[in-house]
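Student: Sequence first, predicted coordinates after that:
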Amino acid sequence: MCDRYSITTAANAAKTLLDWYDAHARALPWRIPPQSNTVPDPYHIWLSEVMLQQTTVAAVKGYFLRFIARWPTVHTLAAADDGDVMAEWAGLGYYARARNLLKCARAVVSDHGGVFPNTSAALQSLPGIGPYTGAAIASIAFDRSEVVVDGNIERVMARLFDIHTPLPGAKPELTARAAALTPQTRSGDYAQAVMDLGATICTPKKPACGLCPWRDLCLAHRRGTMAELPKKTPKKPKPTRFGIVYIGQRNDGAWLMERRPNKGLLGGMLGWPGSDWKSDWDNGPQGAPPIDAKWQEITGEVRHTFTHFHLRLIVKTSRITVQQTLNSTHFVTREDFHPSNLPTVMRKAFDLARPSFET
């Protein structure tokens, strides 16, 4: 940093940011306030970091609080029923995270006596923990001097050093810059401070440079290039896939449902039976109904966007007589059915179909 700035050293820059963090740290349910004598709970840090992957803080808060109320320790989570955890996770998306959450909890209990490893390398040996998550847990939970780089930190580094190389190609340079600034002490607070700076001040649009503790050090601010950074390689347009979902209710109130295979999108989640999701609509999506009944296509369609594609679904509904029964495991009783436990795309389908069952 000294080769770019004559005002301060990297150590002074870290101190400046930590002073700002001590006064302005966000209050988050998994976070220990700065300068507190309380030791962070690695279980809470791990759980929050897994939940926060590709998701916002605002979306995660409620889920985190419900999880720790229901499963307060890694031991209780490891002993939880898979279906209960997947249902509690519904709506957070990226369901492989929930499956790995259970695998990781069980590995911590069975292989580590319920104690999380305290180094990034050891943490990365656990299911679902990659370089970023391992570094974040080691830094925040155990105050290890690890280089933590998420999207917020990439944006701050790109602006601080006026780096115009587009992401993802700029990642090595941004990581190197972040490493040069990471202090040996209070590294967990420092990592959270840079995250908070990116989330509240150095925001993607209209950064509040006038409030930034690093304003005088920031090359992008000096050169007026903040709005341009970080630059990103243009993404390819997302393709669209098409399919059908079948929503059937038995006349005793039970719903015809299926649990999806553990692998793949929405893996392990309870949802509506349906066709495969195809990439063309020319002949209509193909797939036999799950049961012989009078299926009627309802007006409208479900639209949902996943990471790599858009999805459009036709919804067909049916009233199923008691005589048209399958094995009881294919039905969810009225009492056990909770729309909030469905993944978002399946809940959208239910919301669209609900009026046809209320008439």
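Tutor: Good, I have the coordinates.
Student: residue ranges for the strands of the stretch 151-300 of the chain, please.
Tutor: With strands called from DSSP state E, counting those that start in this stretch, the stretch 151-300 of the chain shows them at 240-250, 255-256, 258-259, 270-271, 296-297.
Student: Direction included, what does the last one pair against?
Tutor: Just to be clear, that refers to strand 296-297. strand 310-320 (antiparallel) (DSSP bridges).
Student: Okay, angle between the partner strand and strand 240-250 too, please.
Tutor: Calculated by axes from the mean of the first three to the mean of the last three Cα atoms, to 10 degrees, strand 310-320 forms an angle of 20 degrees with strand 240-250.
Student: pLDDT on the following helix or strand past strand 310-320, on average?
Tutor: Sequence-wise, the next helix or strand downstream of strand 310-320 (DSSP states H and E) is strand 331-332. Here strand 331-332 scores 90 as its mean pLDDT.
Student: and if you look at stretch 213-227?
Tutor: Here the average pLDDT along stretch 213-227 is 96.
Student: now the end-to-end length of it.
Tutor: 18 Å (Cα to Cα, to the nearest Å).
Student: Next, the buried residues of it.
Tutor: Pro213, Trp214, Leu217, Cys218, Leu219, Ala220, His221, Thr225, Met226 (16 or more other Cβ atoms under 10 Å). For glycine as for every other residue, the C-beta is placed from the backbone atoms N, C-alpha and C.
Student: Chain neighbours aside, what residue packs nearest to Met226?
Tutor: Ala220 (4.6 Å; Cβ to Cβ, 6 or more residues apart in numbering).
Student: pLDDT weak spots in the stretch 201-350 of the chain?
Tutor: Within the stretch 201-350 of the chain, the set of residues satisfying pLDDT under 70 comprises 281-286, 322-329.
Student: what about 50?
Tutor: For the stretch 201-350 of the chain, the stretches with pLDDT under 50 are 327-329.
Student: Could you report the neighbour count for Glu297?
Tutor: The number of residues packed near Glu297 is 11, by other Cβ atoms under 10 Å.
Student: for the stretch 101-250 of the chain, what spans make up the helices?
Tutor: In the stretch 101-250 of the chain, the helices defined using DSSP state H, counting those that start in this stretch lie at 120-123, 131-142, 151-160, 171-181, 187-200, 219-223.
Student: quick one: which of those helices is nearest Thr73?
Tutor: helix 131-142 (14.6 Å; Cβ to Cβ).
Student: ok now that closest one, how far from the chain's centre?
Tutor: Here the centre of helix 131-142 is set off from its chain's centre by 16 Å, with Cα atoms, centre = their mean, to the nearest Å.
Student: ditto for stretch 26-43
Tutor: Worked out by Cα atoms, centre = their mean, stretch 26-43 lies 21 Å from the chain centre.
Student: now do stretch 195-206
Tutor: For stretch 195-206 - counting by Cα atoms, centre = their mean - the centre lies 19 Å from the chain centre.
Student: Can you check the distance spanned by that stretch, start to finish?
Tutor: 17 Å.
Student: burial count for the residue lying closest to Ser340 once chain neighbours are set aside?
Tutor: Spatially, and ignoring its direct neighbours in sequence, Ser340 is nearest to Ala90 (6.7 Å; Cβ to Cβ, 6+ apart). When neighbours are counted by other Cβ under 10 Å, Ala90 registers 23.
Student: Kindly report the same for Ser139.
Tutor: Neighbours around Ser139, by other Cβ under 10 Å: 24.
Student: just Ile247 next, same as before
Tutor: Neighbour count of Ile247, defined by other Cβ under 10 Å: 24.
Student: Now for Asn118: which residues touch it?
Tutor: Going by Cβ atoms under 8 Å, 6 or more residues apart in numbering, Asn118 touches Pro42, Ala138, Ala141, Phe142, Arg144.
Student: one more time with 10 Å
Tutor: By Cβ atoms under 10 Å, 6 or more residues apart in numbering, the contact set of Asn118 is Pro42, Ile137, Ala138, Ala141, Phe142, Asp143, Arg144.
Student: In which helix or strand does Phe93 reside?
Tutor: In this structure residue 93 is Gly, not Phe. Gly93 belongs to no helix or strand, assigned by DSSP H and E.
Student: circling back to that earlier point, tabulate the helices of the stretch 101-250 of the chain in CSV, adding columns for distance to Lys15.
Tutor: Shown next, in CSV, are these (distance: least, Cβ to Cβ, whole Å):
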stretch, distance to Lys15
helix 120-123, 24
helix 131-142, 17
helix 151-160, 16
helix 171-181, 11
helix 187-200, 10
helix 219-223, 20
